[in-house]
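> got a predicted model here, sequence first, then my questions.
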Amino acid sequence: MKIKFTKMHGAGNDFVVLDCTREPFSLTPQQLRFLADRHFGIGADQILVVEPAEAGEADFKYRIFNADGGEVEQCGNGARCFVKFVYNKGLTEKKRIRAKTMKGVIELELKEDGMVRVSMGTPSFEPSSLPFNPQGLPSREIRGFKQWAVRYKGELVWFSVCSMGNPHVTIVTDDIESAPVKELGPFIENHPAFPRRVNVGFIQPITEHEANVRVWERGAGETLACGTGNCAAAATSIELGVLSSPILTHNRGGDLRLAWEGEGEDVELFGPAVTVFDSEIEVP
Ligand SMILES: N[C@@H](CCC[C@H](N)C(=O)O)C(=O)O
């Protein structure tokens, strides 16, 4: 089967975007892994599939698949690319779009300067929302905000949990470059306390409103940026009192801007969305 695709990225978090609004088709997890494969396929952290929404519920349905072929709930950088994709392909004339994801409807806005603002929904710090089963793990509170620890190489590593629709752990570090993202990331991603696995973010506050961030993504490994990982890390850092809104984050693939006014409010994410090329590929 030959399919048309668009390669895009948001701060270096890269995507294969598929238009299934006119002709629906479905791909097996093996075919999705092939598309994401950087040696034998196109290469991507996630595959984004645009579908029509049910009448009245949203403008589009937007599905997200990790490079390992698993379908997931939410993707912040992908959401920005999705907006640019539907607008540039003439699938809509709207610049404010509502998109239905696995976890509900998110609101997006294409700005005049080409940047995209996404309302990513309210963060939840409830363990059950990830899900996270903390039984047996050491715990503590900082300013009334709960943290837990895993033992890694003989040391306790303290972390917080946050759901942005998808599950996140955030670890505050004082040196982002030496943070063991590639070792501790997969260790926590696959820890039995997280039955649906988890994304693992590291954040190094620089000033009250600025931080460095790296994220080990569930089902994709370390990416150059993770939008929901940045949202979770920002909201967690605000709760811990180490950062204040608004926050500028530096990621290996570029900068993102975030704002969160506290409990019950949506996290706002701003950043770039770039089209790299359009092409087609024979999928085995
Ligand atoms: N890159 C994304 C998140 C994609 C999904 C994530 N790996 C998960 O498994 O939840 C983003 O920009 O948010």
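Sure thing, it's come through.
> what's the helix or strand for Val50?
strand 46-52 (DSSP states H and E).
> in its sheet, which strands sit next to that strand, and in what direction?
strand 13-19 (parallel), strand 60-66 (antiparallel) (DSSP bridges).
> ok, now how distant is the residue lying farthest from the centre of the chain from the ligand?
When distances are taken from the C-alpha mean of the chain, Gly154 lies farthest, 30.2 Å away, according to C-alpha atoms, centre = their mean. For Gly154, the distance to the ligand equals 29 Å [C-beta to the nearest ligand atom, to the nearest Å]. All C-beta atoms are positioned from the backbone trio N, CA, C, and that covers glycine.
> the residue nearest to Arg96 when sequence neighbours are not counted: neighbouring residues, count only.
Excluding the flanking residues, the one nearest Arg96 by C-beta to C-beta, 6 or more residues apart in numbering is Glu109, at 5.0 Å. Number of residues near Glu109 (other C-beta atoms under 10 Å) recorded here: 17.
> and Glu109, what are its phi and psi?
phi -140, psi 130 (degrees, to the nearest 10).
> OK, contacts around it?
Contact analysis of Glu109 by C-beta atoms under 8 Å, 6 or more residues apart in numbering lists Val83, Lys95, Arg96, Ile97, Val116, Arg117, Val118.
> looking at the residues you listed, which has the most residues close by?
Result: Val118 is most packed of these (other C-beta under 10 Å), 29 neighbours.
> what separates that one from Ala149, distance-wise?
Val118 sits 32 Å away from Ala149, going by C-beta to C-beta, to the nearest Å.
> please apply the same query to Lys94.
46 Å.
> and the stretch 51-200 of the chain, which of its residues are near the ligand?
Asn66, Val72, Cys75, Gly76, Asn77, Gly78, Asn166, Asn199 (C-beta under 6 Å from any ligand atom).
> what's the farthest-apart pair in the contacts of Glu109?
Farthest pair in the contacts of Glu109 (C-beta to C-beta) is Lys95 and Val118. Separation: 12.9 Å.
> ranges for the helices of the protein?
Assigned by DSSP state H, the helices in the chain fall at 29-36, 76-88, 181-189, 227-240.
> mind putting those helices into JSON lines with mean pLDDT?
Formatted as JSON lines, the helices of the chain follow (pLDDT from 0 to 100):
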{"stretch": "helix 29-36", "mean pLDDT": "98"}
{"stretch": "helix 76-88", "mean pLDDT": "96"}
{"stretch": "helix 181-189", "mean pLDDT": "98"}
{"stretch": "helix 227-240", "mean pLDDT": "98"}
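> just those: most buried one?
helix 227-240 (a mean of 28; mean count of other C-beta atoms under 10 Å).
> based on its surroundings, how many neighbours for the spatially closest residue to Lys94 that is not a sequence neighbour?
Excluding the flanking residues, the one nearest Lys94 by C-beta to C-beta, 6+ apart is Asp59, at 6.6 Å. By other C-beta under 10 Å, 19 other residues sit near Asp59.
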